[in-house]
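Asker: Need a 3D model of the following:
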Amino acid sequence: MTDIVIAAATAQSAPVTNWPVRLLLVVLVFGVLALVLWGMRRGWRNRQRRQADLDEPAAIPEGLAPDAEPVSGVYLGSVMAGDWLDRIAAHGLGTRSRVDAVVVDAGIAVQRPGARSFFIPADHIVAVRRERGIAGKAFEKDAVVVATWMLGDTAIDTGIRPDHTEDGGRLSEQVQRIAGSQIDGSSRDGSE
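Answerer: Now for the predicted structure:
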């Protein structure tokens with residue numbers, strides 16, 4: 001028994017950490033993360049530059065009197081019509097934010113605190129429908145109200161996800177009323 005105690009007392013323990021290697025690995029991980037973030041930022045700026053020829057959306061006119069209560073939710077972004085992954089970066093249209101969508105006879109006021117607000121004139125709205133998602137975000141069936149509208153000569157899909165499910169139907173009906181368009185009852189994935 002005393003031999004075991006003596007052997008244990010004389011044995012050296014391994015060093016806990018090899019600090020130079022550990023610090024090198026930490027610096028390497030942070031370097032890779034910085035490179036990824038730099039690449040993402042550069043890609044977004046290149047997308048903005050490619051889309052710079054898009055017309056600027058209209059500002060919200062002064063003194064709008066809402067015909068109905070605003071619908072609060074999340075502005076998911078705008079994409080090129082028909083391609084729910086081709087997010088528009090120009091003019092702040094691709095920035096996800098909180099939103100209050102106010103429908104008036106003249107159009108839709110998209111009020112975004114902390115991001116650029118804009119106005120969609122009623123005569124520019126082509127269609128409105130309910131979808132599962134837009135701009136790379138997917139949710140439950142019919143969770144997103146998508147308005148297709150013309151920004152100059154370019155067809156745009158803009159997606160808003162209302163905070164409350166029942167507000168999605170109300171927003172769709174209000175937009176349909178002012179635009180005189182039909183709600184497309186089918187989703188892109190073919191479900192009804």
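
Asker: Pop out the phi and psi values for the closest residue to Gly92 other than its chain neighbours.
Answerer: Residue nearest to Gly92 in three dimensions, not counting chain neighbours: Arg116, with 3.8 Å by Cβ to Cβ, 6 or more residues apart in numbering. Any C-beta I mention is one placed from the backbone N, CA and C, and that applies to glycine too. Its backbone dihedrals place Arg116 at phi -70, psi 120, with angles given as degrees, to the nearest 10.

Asker: Just the strands from this protein, written as ranges.
Answerer: 71-80, 97-104, 107-111, 118-121, 125-131, 133-134, 137-138, 144-151, 154-162, 183-184 (DSSP state E).

Asker: Now mean neighbour count, distance to Gln176 and mean pLDDT too, for these, in a markdown table please.
Answerer: Listed next are these as a markdown table, based on neighbours: other Cβ atoms under 10 Å; distance: least, Cβ to Cβ, whole Å; pLDDT from 0 to 100:
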| stretch | mean neighbour count | distance to Gln176 | mean pLDDT |
| --- | --- | --- | --- |
| strand 71-80 | 22 | 14 | 90 |
| strand 97-104 | 20 | 10 | 90 |
| strand 107-111 | 23 | 12 | 90 |
| strand 118-121 | 21 | 14 | 91 |
| strand 125-131 | 20 | 6 | 90 |
| strand 133-134 | 22 | 18 | 80 |
| strand 137-138 | 14 | 23 | 78 |
| strand 144-151 | 24 | 10 | 90 |
| strand 154-162 | 22 | 14 | 91 |
| strand 183-184 | 14 | 5 | 42 |
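
Asker: what's the closest of those strands to Gln174?
Answerer: Among the strands of the chain, strand 97-104 comes nearest to Gln174, with 4.0 Å by Cβ to Cβ.

Asker: List the strands paired with the closest one, with their directions.
Answerer: According to DSSP bridges, the neighbouring strands of strand 97-104, each with its direction, are strand 71-80 (antiparallel), strand 107-111 (antiparallel).

Asker: Minimum distance to Phe30: which of those has it?
Answerer: Nearest to Phe30, of all these, is strand 71-80, at 29.8 Å by Cβ to Cβ.

Asker: what's that closest one in contact with?
Answerer: By Cβ atoms under 8 Å, 6 or more residues apart in numbering, the residues outside strand 71-80 that reach it are 85-88, 93-101, 103, 110, 112, 115, 133-135, 137, 144, 154-163, 167, 170-171.

Asker: hmm, 7 Å instead?
Answerer: Strand 71-80 is touched from outside by 86-88, 93-94, 96-101, 110, 112, 134-135, 137, 144, 156-163, 167, 170-171, with contacts defined as Cβ atoms under 7 Å, 6 or more residues apart in numbering.
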